[in-house]
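Colleague: Got a predicted model here, sequence first, then my questions.
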Amino acid sequence: MLTIAGLATARGLAEGPVYLYRGDDDIPVSEYVVPQGREGDEFMRYKKAVGDVGRDLESLIAVLNERNKGGEDAKVFEGHLMILEDPILKKEIGKLIVEQRVNAEAAVKKGIGKFRKQFERMNDEYFRERVRDLDDVERRLLRALLGFAKSSRLELTEPCVIVADDLTPSETVQLPRHLVLGFATNGGSTTSHVALLARAMGIPCVTGLGFVTQKVKPGMRVLLDGTAGTITVNPDEQALADFAELVRRQHESEAELKDGLKAGTLKDGGQVRIFANIHPGVAFGALKDMGAGGVGLYRSEYLWLNGGKEPDEETQFEAYKAVAEYVKGLGDDAYVTIRALDIGGDKTVRGITVKEANPFLGNRSIRYLLSDREVFRRQLRAILRASAFGRIQIMYPMVSCVEEMREAAVEMAEARRELDEQGIAYDRDIPVGAMIEVPAAAINAKAIAKYCKFFSIGTNDLIQYTMAADRSNEEVAHLYQPLNPAVLKLMQHVLETANAAGIPVSVCGESASDPVIGILWASMGADMLSMSATYIPLMAKVLRRLTRRDLDEYKAFALGFDNGETGDEILDACRKWMERKVPELDKLLI
Ligand code: PEP
Ligand code: MG
C-alpha cells in the first residue's frame with residue numbers, strides 16, 4: 001500500500017480501478033546519433049511509420065466519409081495525409097536521417113519543427129491554423145515509431161479513476177461522465193481549467209501528485225480523497241475500512257442540510273447569495289438539490305470546446321434558452337449570468353485559437369471577440385434571443401480597459417438593432433457587466449463601473465495576473481496566494497468601488513468556494529458567491545453558524561494585517577479565526 005499526497009482540487013471520495021492515461025503532449029523523444037552504416041535501416045523505419053500512419057488515416061477518412069459524406073472532419077484528416085506525404089517535408093526528414101545520422105524520432109521532430117516555425121511566422125490565418133495539423137501528424141508519427149497506442153483518446157469501458165500526467169480541457173470534456181470516478185494527475189493546480197471542470201462535473205480530483213503515473217499500473221485499485229488531497233494505491237484492509245467510515249460521515253454531515261433552510265442563510269437570518277458555476281454539457285439537475293440560488297457563471301466557451309468549432313447561432317440559442325428556462329425553477333430572484341466566449345490561454349479550439357508565444361497574455365476572451373466581430377455578434381444575438389425566455393445577465397471576460405467596454409457596447413447595439421429589424425423579442429433591460437480579473441481593470445474599477453450594471457470578480461485569473469504566477473503550474477503554486485496582501489488590496493478596492501457605485505458585485509473564482517476565503521469576500525462587500533455546485537452545501541453549513549456581526553468582525557480581523565505578513569500567514573490566521581468561531585469546521589469539511 002502507498003499513500004501519496006497532492007492538492008485537494010475537487011472534493012469527494014472515489015474508489016475504483018486505475019485507467020492510466022498517457023496524454024498527447026508528453027511523448028518523450030531522445031536524440032542520438034545513428035551508428036555509421038545503419039542510416040539506411042533508420043530511414044526504412046521512418047518510411048514504415050509513414051506507411052502505417054498513412055493507412056490509419058485512410059481508414060479513418062473512409063469511416064468518417066461513410067458517416068457524413070464530404071463532411072468537414074474527413075477533410076481535416078485528408079489535410080493530415082497531405083502533410084504526411086509532403087515531398088519537401090519527407091526530403092527534409094530523410095536528409096536529417098541519412099546525411100546527419102539523426103534518429104528517426106528526433107528527425108521527425110526537427111523536420112516538422114522547421115515547418116512549424118515557417119507556418120507560425122506567416123501572416124496568414126490559414127497557415128497559422130495548419131500548425132495544429134502539423135502537431136497532429138507529428139504525434140501520429142512519433143506514436144508509430146515508438147510503438148505507442150495509435151490513439152491517445154480515452155477509451156473507457158468500466159468506471160475508473162483516471163490517472164494522468166495532466167489533461168487538457170478538451171480531453172476532459174470528451175470523457176463519458178458516467179465512467180469517470182475521479183482524477184489524479186502529476187501536474188496541475190487547484191485552479192487549472194481541468195480542476196474547474198472536475199468540480200463542475202462533481203468528480204473528485206487530486207492534482208500536483210508528482211509521479212503518481214509511475215506508481216500505479218492499469219487496473220490497480222485506488223482510493224481517492226479529493227477533500228484531503230490524497231490517493232492510496234493498493235489499500236490494505238484498514239485503509240478500506242477507514243475509507244468506508246469517511247463515506248459514512250460524509251453522508252451524515254450532509255444530512256443536516258435537509259431542514260429546508262435556504263443555502264447561504266446566516267444564524268441571525270441574514271443571507272449571502274450562493275449561485276453555481278456551470279458550463280454547457282453538464283446536467284443542471286443537481287443545482288436545485290445542492291441549494292444554488294441561480295447560475296453566477298455560465299462558461300459558454302464549452303460549447304466551442306465540446307464541439308471543437310464555433311456552434312451556429314441556433315445551437316447557441318437553444319443552449320442559452322435551456323439554462324434561462326431552468327433557472328426559473330431556482331427561485332423568483334434567480335437568474336443566469338452568461339459569460340461571453342472566454343477562449344484562449346489553456347482553452348484552445350482547433351482552427352480558432354492560434355499558437356501564441358504567451359497565450360495567457362494574448363488574444364483571448366473579450367480581445368478575441370473584438371478581433372472577430374462576426375463571432376461576437378452571433379453570440380450576442382443568441383444570448384439576447386434567449387433572454388426572452390428567462391432572466392439572463394451577460395458579462396464580458398478578461399476586460400482590461402474602458403475601450404473594450406465601449407467597443408463591446410457598439411457590437412451589442414448592432415446585435416439589438418438587427419433583432420429589432422427582424423422583430424425578434426429579447427429582454428430590453430438585459431444587464432451587461434464585466435468580469436474583473438485583470439489587475440488593470442481592478443485598479444480602474446471606478447471607470448469600468450460606468451459601463452456596467454454589475455461586476456463579477458474572477459479570482460482565478462486575478463490572482464494569477466497579480467502574482468504573475470501561472471494558475472496551472474505547480475512549480476509556482478506557492479506564489480498563487482489568494483490572500484496575498486496585494487490581492488487583498490485589489491479585492492477590497494473592487495468590492496468597495498462596486499458598493500459605492502451601487503452596482504452588485506459577485507465573486508465567481510474558485511476562492512469563493514473555500515469557506516475561509518469566500519466568507520471573507522462576502523464580509524468585504526460581495527453580494528453573491530458563485531461556485532461549483534458540489535461546494536454549495538459546505539458553504540451553507542459554515543454560513544448557518546455565523547451572524548452578520550461575525551462577518552464584520554472577520555473583515556476587520558483579515559484587513560488588519562499591516563506588519564509585513566505573508567499571504568500564507570494571513571490565510572493561516574484567517575483559518576484559525578474561522579476554527580475558533582466554528583469549532584466543528586474540520587468535521588464539516590469532509
Ligand atoms: C476566474 O478567472 O476566476 C474565472 C471565474 O474564470 P475562469 O476560471 O473560467 O478563467
Ligand atoms: Mg478567468
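Modeller: Sure thing, it's come through. Ligands and ions are numbered 1, 2, ... in the order given.

Colleague: Scan this protein for its longest strand.
Modeller: As assigned by DSSP state E, the longest strand anywhere in the chain is strand 13-21.

Colleague: For that one, which helices and strands make contact with it?
Modeller: Applying 3 or more C-beta pairs under 8 Å, 6 or more residues apart in numbering; DSSP states H and E, one finds that strand 13-21 makes contact with strand 160-164, strand 180-185, strand 221-225, helix 237-255. The C-beta positions use only the backbone N, C-alpha and C, and glycine is treated the same way.

Colleague: when you compare where the longest one runs with where strand 13-21 runs, what's the angle?
Modeller: Which is helix 237-255. 120 degrees (axes from the mean of the first three to the mean of the last three C-alpha atoms, to 10 degrees).

Colleague: contact partners of helix 237-255?
Modeller: Contacts to helix 237-255, defined as C-beta atoms under 8 Å, 6 or more residues apart in numbering, come from residues 1, 3, 13, 15, 223, 225, 232, 235, 537, 541, 587-588, 590.

Colleague: how distant is that helix from the center of its chain?
Modeller: Relative to its chain's centre, helix 237-255 lies at 29 Å (C-alpha atoms, centre = their mean, to the nearest Å).

Colleague: Show me which residues of it are buried.
Modeller: 243, 253 (16 or more other C-beta atoms under 10 Å).

Colleague: Using PDB, write down the CA coordinates of that helix.
Modeller: What follows is helix 237-255, C-alpha atoms only, in PDB (Å, rounded to 0.1, in the frame of the first residue of the first chain):
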ATOM      1  CA  GLU A 237      -8.000  -3.800   5.000                       C
ATOM      2  CA  GLN A 238      -7.500  -1.000   7.400                       C
ATOM      3  CA  ALA A 239      -7.400   1.700   4.700                       C
ATOM      4  CA  LEU A 240     -10.500   0.300   3.100                       C
ATOM      5  CA  ALA A 241     -12.300   0.300   6.500                       C
ATOM      6  CA  ASP A 242     -11.200   3.900   7.200                       C
ATOM      7  CA  PHE A 243     -12.400   5.000   3.700                       C
ATOM      8  CA  ALA A 244     -15.800   3.400   4.300                       C
ATOM      9  CA  GLU A 245     -16.100   5.300   7.500                       C
ATOM     10  CA  LEU A 246     -15.300   8.600   5.700                       C
ATOM     11  CA  VAL A 247     -18.000   7.900   3.200                       C
ATOM     12  CA  ARG A 248     -20.500   7.300   6.000                       C
ATOM     13  CA  ARG A 249     -19.500  10.500   7.800                       C
ATOM     14  CA  GLN A 250     -19.900  12.500   4.600                       C
ATOM     15  CA  HIS A 251     -23.500  11.300   4.200                       C
ATOM     16  CA  GLU A 252     -24.200  12.100   7.900                       C
ATOM     17  CA  SER A 253     -22.700  15.600   7.600                       C
ATOM     18  CA  GLU A 254     -24.800  16.400   4.500                       C
ATOM     19  CA  ALA A 255     -28.000  15.300   6.300                       C
END
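
Colleague: Can you give the distance of the longest helix anywhere in the chain from its chain's centre?
Modeller: Ranked by number of residues, the top helix in the chain under DSSP state H is helix 39-67. Relative to its chain's centre, helix 39-67 lies at 34 Å (C-alpha atoms, centre = their mean).

Colleague: Format the helices and strands packed on strand 13-21 as CSV; extra columns: distance to ligand 2 and mean pLDDT.
Modeller: As requested, those are exported to CSV (distance: least, C-beta to the ion, whole Å; pLDDT from 0 to 100):
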stretch, distance to ligand 2, mean pLDDT
strand 160-164, 23, 92
strand 180-185, 20, 93
strand 221-225, 27, 95
helix 237-255, 30, 85
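
Colleague: still on that earlier bit, looking at the contacts of helix 237-255, spot the one nearest V206.
Modeller: The shortest gap between V206 and any of the contacts of helix 237-255 belongs to D225, at 7.4 Å (C-beta to C-beta).

Colleague: so the closest one bridges to which residues?
Modeller: L13, T230 (DSSP bridges).

Colleague: For it, give me its contacts.
Modeller: Taking C-beta under 8 Å, 6+ apart, one finds 8, 13, 204, 206, 231-232, 243, 246 in contact with D225.

Colleague: again, but for H80
Modeller: With C-beta under 8 Å, 6+ apart, H80 has these contacts: 57, 133, 136-137, 140.

Colleague: Please give the element, helix or strand, for it.
Modeller: Assigned by DSSP states H and E, H80 belongs to helix 72-85.

Colleague: contact partners of the next helix-or-strand element following that helix?
Modeller: With elements assigned by DSSP H and E, the helix or strand that comes after helix 72-85 is helix 87-100. The contact list for helix 87-100 (C-beta under 8 Å, 6+ apart) reads 34, 39-40, 42-43, 46, 50, 83, 102-104, 106-108, 110-112, 114-115.

Colleague: Recalculate using a threshold of 7 Å.
Modeller: Identification of contacts with helix 87-100 by C-beta atoms under 7 Å, 6 or more residues apart in numbering yields 39, 42-43, 46, 83, 102, 104, 107-108, 110-111, 114-115.

Colleague: Done for today, thanks.
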